[in-house]
Each structure stands twice: as C-alpha cells, then as structure tokens.
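Q: Model the structure of this input:
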Amino acid sequence: MTQGAGQGPEVERTATVRDFRVPAYVHETGPYAHNTHPGNAAPPLEDPLEQPEGYTPTQRDLPVINRGDTLQVTVDPAAVQAPQPATGPGPLFVVGDVHGYLDELVAALREKGLIDAAGHWCAGTARLWFLGDFTDRGPDGIGVIDLVMRLSAEAAAAGGYCKALMGNHELLLLGAKRFGDTPVNSGAGTATFQAAWLLNGGQKSDMDRLQDHHLQWMARLDAVEEVDGHLLVHSDTTAYLDYGDSIEAVNDTIRETITRNDADEVWDLFRKFTKRFSFRDEGGADAVRSLLDTYGGTRIVHGHSPIPYLLGEVGSEDGEDTAGPVVEGPHVYADGLAIAMDGGVTMAGKLLVQQLPLAV
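A: Sure thing, here's the model as predicted:
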C-alpha cells in the first residue's frame, strides 16, 4: 500500500539543499485566476544555468520568472487548416512544453490549423506530438491534459493522431499524488515528492482536479519515439541510455518502474529526467549522436530546457524588462543535430507548435 502525505514513518530529517516549507498558497482555495502564479513566491536561484555536481531536484529546477498576467494571444478566426497530402501519412507537428498555459496552447494549435474555433480537431490525417510537461507553473495544467486526451480521440477518428511523451513534470505530479510526504533518498539528504512539486511550480488547483483517469494516462506515456527520422524526447539529456538500448526497452523499463510504485525508484527516474543541457556545450553534438546511434533518427527534438536558457538570454526577474525573452521559433544547435522546442512560455516567451521537418 502506498503511503500518502502524512503517512510516512517518523524519520530524522537530514540537511537538504533547501529547507522545504509549504508556501502559503497551498492552504488557499482554488482554482486560481489565470493571471495568478503562486509558484512565484519562492526567490529565484542565484545562478540557474549552473547545476552542482550530482544535481538533485531538492532545489528548484529553474526559477519561476514572474511573467505578469497570462499572455493573451490574438488568433485569426480564419486560420488555415493544416495541409493534407494526397496520399500517405499527414503532416507532422510537435509541441513544446505547455506548463498549464491552456489559452496559449489553444491559440497556437488554432494558428497552425490543427483545431477549429470550437477547439476540436480539424486537421484530418495530421500527426501531432506533445513533448511533455503539461502541468505546473501555469494556471490550468489539468485543462491542458483534458484537451490533449480529447484531441487524441478526435484525431484518431479522423485518421490522424495526437500523442504525448512523458516529461519530468508528469513524473513529479504522479509522485506528489502517490507518495506525498513519504521520504525518498535524494542524494542531498531527505526529500519528498510533495516538497519538490511545490518548489517547482505545483498548483493546488491542478492537484484538486487530478483524477484517476489523468493519473492512468500519464503513467502510460512513452518516453521516447522516432518519427520520420526525428528522435522525440522530453529532456535534453543522455539519461535515457540508462533505461535500455532500444526505444521499446526504454519505454517498457520506465513504465515498469512507475508500475512498481516504489518511491525511491520513481524519484531516481524523476531526478534523471530533470537533467539538462547535455547537448549545449562542448561535446554536445557527440551526446546527441550517442542517442541517435542507439535509438535511430537523424535529429533529436526535445523540450525541457527553455530556449532562452540554452542561449543564455533570460528575462528580467525584477520586473523592469516587461518584454521578456524574444523567441521566434525552435532553436537548432549541436551541429544541427538537435532542435529545442521549449519556447519559454513560463517566462513570457512563446509556446511553440512546429511542423517538421524544419526547412534548414
């Protein structure tokens, strides 16, 4: 039987990277308004680009930059439907990290002609892949999951598909719900999923609305897929290699780990999924090649690390830079072998929906 919040054994708490305290908003009633961001209460890390050796998510993974009111995106009501080929599979699209920004997601999908004005699939045989991280930091993560689940059924009925990968925030939400305050071995002292979830933008309104069918859907998500020569993953890390030498083996191993319901095992999986920037610096192209050589494909497409952080361009945290980082589209790097798709929507960047292959 899984121990939930408050049901864990009495333990002596050891020092952690940060002393976890429950933010005040966890005691408030939800849902939150779409322009409130409770996760902004905690101060930012002094240097978010540098991760200590043996990094463990007992400190916040990335600062939650105050992006002000939720960005309102105006969409042309006459947006063109996604082009359909005469034969064969439909066009391929990928979506970067959403993090609860449902309005921005709907606008971006509408702009690409994937959904109609009522929010229903209108792209026929098109193929749509979400790269993970549907919840946390933004105002309506459960609304995002509900939309993706519904579009999956509608796309399949039209001869296309809408599929999704496992992100580290899906693992975090699963862990917070299943294990709560049960202590886990973090590598930096005692930690809990509940504390890490709150620290990394967990929203009380999402937890309040989280139901069994959401949990089952998240637990069955694949971690890696190869489509049309594109190796799709969530995180820009080589940690996937720890779980198998084929796509099928990785997905099976991760799914079995989640099914075993062992808090320490799931925490270790979550910790590895939080690693980032493996493809960015010297040796980055070789890291990409190690994944491509093992799992196939000619390019890797990932989310997880916001493009402004990959470029070293982050928005101001003191509110003076109201424009935020400028993200025009995906970022191609690592000798052209990697495509980053997290446009930094949580920091007033852009929620990216992109058709593949890129014309570069």
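
Q: quick one: least confident helix or strand in the protein?
A: Across the helices and strands of the chain, mean confidence by mean pLDDT, DSSP states H and E is lowest for strand 190-191: a mean of 86.

Q: Tell me the secondary structure at the residue nearest the centre of the chain.
A: The residue lying closest to the centre of the chain (Cα atoms, centre = their mean) is Asp133, at 1.9 Å. The three-state label given to Asp133 by DSSP: H, G, I helix; E, B strand; the rest coil is coil.

Q: repeat for Arg110
A: Secondary structure for Arg110, judged by three-state DSSP, is helix.

Q: Tell me how far it lies from Pro139.
A: Distance, Arg110 to Pro139, by Cβ to Cβ, to the nearest Å: 19 Å. The C-beta positions use only the backbone N, C-alpha and C, and glycine is treated the same way.

Q: Just give the nearest non-adjacent residue to Ala285, would you?
A: Asp335 (4.1 Å; Cβ to Cβ, 6 or more residues apart in numbering).

Q: Which helix or which strand is home to the one you found?
A: Here Asp335, judged by DSSP states H and E, is contained in no helix and no strand.

Q: shouldn't it be in contact with Asp286?
A: No - Asp335 lies out of contact with Asp286 (Cβ atoms under 8 Å); the separation is 9.3 Å.

Q: Can you pull out the residues in contact with stretch 269-284?
A: 49, 51, 55-57, 61, 166-168, 171-172, 175, 186-187, 193, 196, 234-239, 242, 254, 257-258, 285, 287-288, 300, 302, 304-305, 310, 333-334, 337-338 (Cβ atoms under 8 Å, 6 or more residues apart in numbering).

Q: Show me where the stretch 101-250 of the chain has its helices.
A: 102-111, 141-157, 168-179, 193-199, 204-209, 212-219, 247-260 (DSSP state H, counting those that start in this stretch).

Q: Nearest to Pro325 among these would be which one?
A: With Cβ to Cβ, the closest approach to Pro325 among the helices of the stretch 101-250 of the chain belongs to helix 102-111: 14.9 Å.

Q: Report all helices and strands that that closest one contacts.
A: The contact analysis (3 or more Cβ pairs under 8 Å, 6 or more residues apart in numbering; DSSP states H and E) places helix 102-111 against strand 92-95, helix 141-157, strand 353-356.

Q: measure His230 to Gly297 for me?
A: 6 Å.

Q: Looking at stretch 297-316 now, give me its mean pLDDT.
A: What stretch 297-316 shows for mean pLDDT is 89.

Q: got the buried residues for it?
A: Neighbour counts over stretch 297-316 (16 or more other Cβ atoms under 10 Å) mark 297, 299-310, 314-315 as buried.

Q: Tell me, how many residues neighbour Ala239?
A: A count of neighbours around Ala239, defined by other Cβ atoms under 10 Å, yields 15.

Q: Chain neighbours aside, what residue packs nearest to it?
A: Spatial nearest neighbour of Ala239, excluding adjacent residues (Cβ to Cβ, 6+ apart): Lys272 at 3.9 Å.

Q: so Asn168 touches His234, yeah?
A: Yes - Asn168 is within contact range of His234, at 6.8 Å (criterion: Cβ under 8 Å).

Q: And the two? Which one has more around it.
A: Neighbours of Asn168 and His234, each counted by other Cβ under 10 Å, are more numerous for His234; the result is 29 against 26.

Q: pLDDT score for that one?
A: 98.

Q: Tell me which residues touch it, please.
A: Counting by Cβ under 8 Å, 6+ apart, His234 makes contact with Leu131, Gly132, Asp133, Leu165, Met166, Gly167, Asn168, Ala223, Phe273, His302, Gly303, His304.
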